[in-house]
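okay, structure incoming, though there's no sequence with it:
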């Protein structure tokens, strides 16, 4: 009997576990974890844990030659302009037989502010924050490694991730707190993907992703941020958030919040649909929110950047 193909997940959190559930028994799945305390939970989910730390290259030796494919969902370090974690992983993978493919989860923040223009994958990155610069560095380094080794590398650029059961709160909670949004004339566009659709995109990229290719993984929504939270409020029976001018932003938003609100772009998902052949379970956030309301659930999770 032929050996079952194997997948190594780096950063097996919420999205990684959704990938595991969606895969079922199709692949043997390994997951790197820096916490021995997580091993039992990973095993219960059908995952074979491998203890190691991306911040300690000496602990990654067991990853060499372990899997046929790698799904990289881990974030870069919180500081700096580069991603030494990714470099450490690639060094470990290069010690033995290489995987056939690597799928890397990046962020659409690499584009910076696009002034509300439609964005395709051919647009050059223009990162304006250290967080995004770390992602640009990781993307560039990984593509160069893929070209040099012949490993098929697919980069997924991901916007805000949401789901009702995703840790991190709900947009209704933000509305209830009375957090304002920008005035309509100052507002920018926001982009989303449901966590289950993202997991399905990751799986599709493992099989269908092209070598050294970038794909934007987003839904069909075309909303400005304020309109998004107005929609949440309207469909949840809550008052709409107050609108504030850009000139008053520093009084209402943290630096991290402002870094997101200050960037506006509209993402095309044509390449995702054409090349990954992905049919979205939730084409828009409106459809998801309406479904949650009809089903009597408490709404869906907050959009959380992959950056």
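Structure received. These numbers were taken from a predicted model, which means no experiment stands behind them. Numbering: from 1, shown residues only.

residue ranges with poor pLDDT in the protein?
Along the chain, the model assigns pLDDT under 70 to residues 1-3, 168-170, 296-307.

partner strands of whichever strand or helix holds residue 50, parallel or antiparallel?
Element membership of residue 50, judged by DSSP states H and E, is strand 48-51. Paired with strand 48-51 in the same sheet, following DSSP bridges, are strand 28-33 (parallel).

the helix or strand encompassing residue 257 packs against which elements?
In this assignment (DSSP H and E), residue 257 forms part of helix 255-261. Counting contacts by 3 or more C-beta pairs under 8 Å, 6 or more residues apart in numbering; DSSP states H and E, helix 255-261 packs against helix 249-252. (Glycine included, C-beta is placed from N, CA and C.)

what is the helix it packs on packed up against?
helix 255-261.

I'd like the next helix or strand past the helix it packs on.
strand 266-267.

got a list of contacts for that next one?
Outside strand 266-267, the residues within contact range by C-beta atoms under 8 Å, 6 or more residues apart in numbering are 108, 114, 116, 117, 118, 119, 159, 189, 191, 216, 218, 222.

show me those residues that map onto helices.
Of the contacts of strand 266-267, none are assigned to helices by DSSP state H.

could you identify the buried members of the residues you listed?
108, 114, 119, 159, 189, 191, 216, 218 (16 or more other C-beta atoms under 10 Å).

got those as a markdown table, with distance to residue 145 columns?
A markdown table is the format used below for the buried ones among the contacts of strand 266-267 (distance: C-beta to C-beta, whole Å):
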| residue | distance to residue 145 |
| --- | --- |
| 108 | 22 |
| 114 | 28 |
| 119 | 26 |
| 159 | 25 |
| 189 | 33 |
| 191 | 28 |
| 216 | 22 |
| 218 | 26 |
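
out of those residues, the closest to residue 180 would be?
For the buried ones among the contacts of strand 266-267, the closest approach to residue 180 (C-beta to C-beta) belongs to residue 189, at 17.8 Å.

what sits against that closest one?
Residue 189 neighbours (C-beta under 8 Å, 6+ apart): 116, 222, 223, 224, 225, 264, 265, 266.

go on, residue 228?
171, 190, 192, 221, 285 are the contacts of residue 228 under C-beta under 8 Å, 6+ apart.

most widely separated two among the residues you listed?
It's 171 and 221 that sit farthest apart of these, by C-beta to C-beta, at 13.0 Å.

related to what we said a few turns ago, nearest to residue 277 among the buried ones among the contacts of strand 266-267?
residue 216 (15.1 Å).

and the closest one, how far from residue 165?
24 Å (C-beta to C-beta, to the nearest Å).

cool, and residue 200?
16 Å.

more neighbours: the two, which one.
Regarding residue 200 and residue 165, a neighbour count based on other C-beta atoms under 10 Å identifies residue 200 as having more, with 20 against 11.

sorry, back to before: give me the buried positions along the strand holding residue 50.
49, 50.

after it, which helix or strand is next?
strand 69-72.

what's next to the helix or strand following that next one, contact-wise?
For strand 69-72, the following helix or strand on the C-terminal side (DSSP H and E) is helix 84-93. Helix 84-93 is contacted from outside by 10, 54-55, 57, 60-61, 63-64, 70, 72, 74, 76-77, 99, 138, 141-142, 145, using C-beta under 8 Å, 6+ apart.

neighbours around residue 115, how many?
Residue 115, neighbours per other C-beta under 10 Å, totals 10.

same question, the one 10 residues further on
Taking other C-beta under 10 Å as the neighbour definition, residue 125 ends up with a count of 18.

my guess is it is in a helix, correct?
No: if the criterion is DSSP: H, G, I helix; E, B strand; the rest coil, then residue 125 is coil and not within a helix.

that one is in contact with residue 110, isn't it?
Yes: contact criterion C-beta atoms under 8 Å: residue 125 and residue 110 qualify, at 4.2 Å.

any common contacting residues for those two?
132, 136, 139.

just among the residues you listed, which is most surrounded?
residue 132 (24 neighbours).
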